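K.L.:
3D, please:
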Amino acid sequence: MLKLVGAVLVLGAGTLAGFYQAQQFAARPRQLRELILALQRLETEISYGFTPLPDALERIGVSLREPLKSLLASAALYMRPDYGLSAQDSIRKALGEYWKRTSMKSAEREVLEQLSGVLGTSDRQDQIKHIALAVGQLKHEEAAARDDQVKYEKMSKSLGLLIGALIVILIF
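P.N.:
So this is what the prediction gives:
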């Protein structure tokens, strides 16, 4: 009886691990789409709204889902006079705190870190140009993420179950 319970637990753990990995493949394109929309809103705020960067990030972050909501709110907070960090330092610090909560990869982080060096330090037109460039790069990454989702989401679910079954067979 104890062996049966152990086998069920191992099989369940493998299946859950597979479903978790599949969820990560599904979440990455959604988070990239949200990030692209947030950057497009930031571009609008900079070009038409003349909104200070911390206020714009805070306003944009309110409409997003976690973890991007916390990432932008944290970056905006670090730009406030209480902390006094530059836009680049604020965004990098927020990325350091919240990046592990996202499903995104290092390529997207590099895009955001490169963009952070321009925000708040150059004129409006240059910032708009760099945001558009970042959006283009993120759209490319989103397409790759959608391809990965199609290729690997179902496979991850099946593989988790099969690895759990293999472990049960090998143990018992």
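K.L.:
going forward, measure contacts between C-alpha atoms and count neighbours the same way
P.N.:
Fine.
K.L.:
ranges for the strands of this structure?
P.N.:
Assigned by DSSP state E, the strands in the chain number zero.
K.L.:
helices of that one, residue ranges please.
P.N.:
2-44, 53-62, 68-79, 87-98, 106-116, 124-171 (DSSP state H).
K.L.:
the third one - contacts with which helices or strands?
P.N.:
Just to be clear, that refers to helix 68-79. Judged by 3 or more C-alpha pairs under 8 Å, 6 or more residues apart in numbering; DSSP states H and E, helix 68-79 is in contact with helix 53-62, helix 87-98.
K.L.:
will you turn those into CSV that also has mean pLDDT and distance to residue 40?
P.N.:
Below are the helices and strands packed on helix 68-79 laid out as CSV (pLDDT from 0 to 100; distance: least, C-alpha to C-alpha, whole Å):
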stretch, mean pLDDT, distance to residue 40
helix 53-62, 90, 10
helix 87-98, 92, 17
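K.L.:
and the ones you listed: which comes nearest residue 2?
P.N.:
In terms of C-alpha to C-alpha, the element of these nearest to residue 2 is helix 87-98, at 41.2 Å.
K.L.:
picking that back up, reformat the helices and strands packed on helix 68-79 as JSON lines; add distance to residue 119 and mean neighbour count.
P.N.:
As requested, the helices and strands packed on helix 68-79 are exported to JSON lines (distance: least, C-alpha to C-alpha, whole Å; neighbours: other C-alpha atoms under 10 Å):
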{"stretch": "helix 53-62", "distance to residue 119": "8", "mean neighbour count": "20"}
{"stretch": "helix 87-98", "distance to residue 119": "6", "mean neighbour count": "19"}
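K.L.:
mind putting the ones you listed into JSON lines with distance to residue 75?
P.N.:
Converted to JSON lines, these look like this (distance: least, C-alpha to C-alpha, whole Å):
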{"stretch": "helix 53-62", "distance to residue 75": "8"}
{"stretch": "helix 87-98", "distance to residue 75": "5"}
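K.L.:
nearest to residue 80, of those?
P.N.:
Here helix 53-62 is closest among the helices and strands packed on helix 68-79 (C-alpha to C-alpha), at 6.9 Å.
K.L.:
elements contacting that closest one?
P.N.:
By 3+ C-alpha pairs under 8 Å, 6+ apart, helix 53-62 packs against helix 2-44, helix 68-79.
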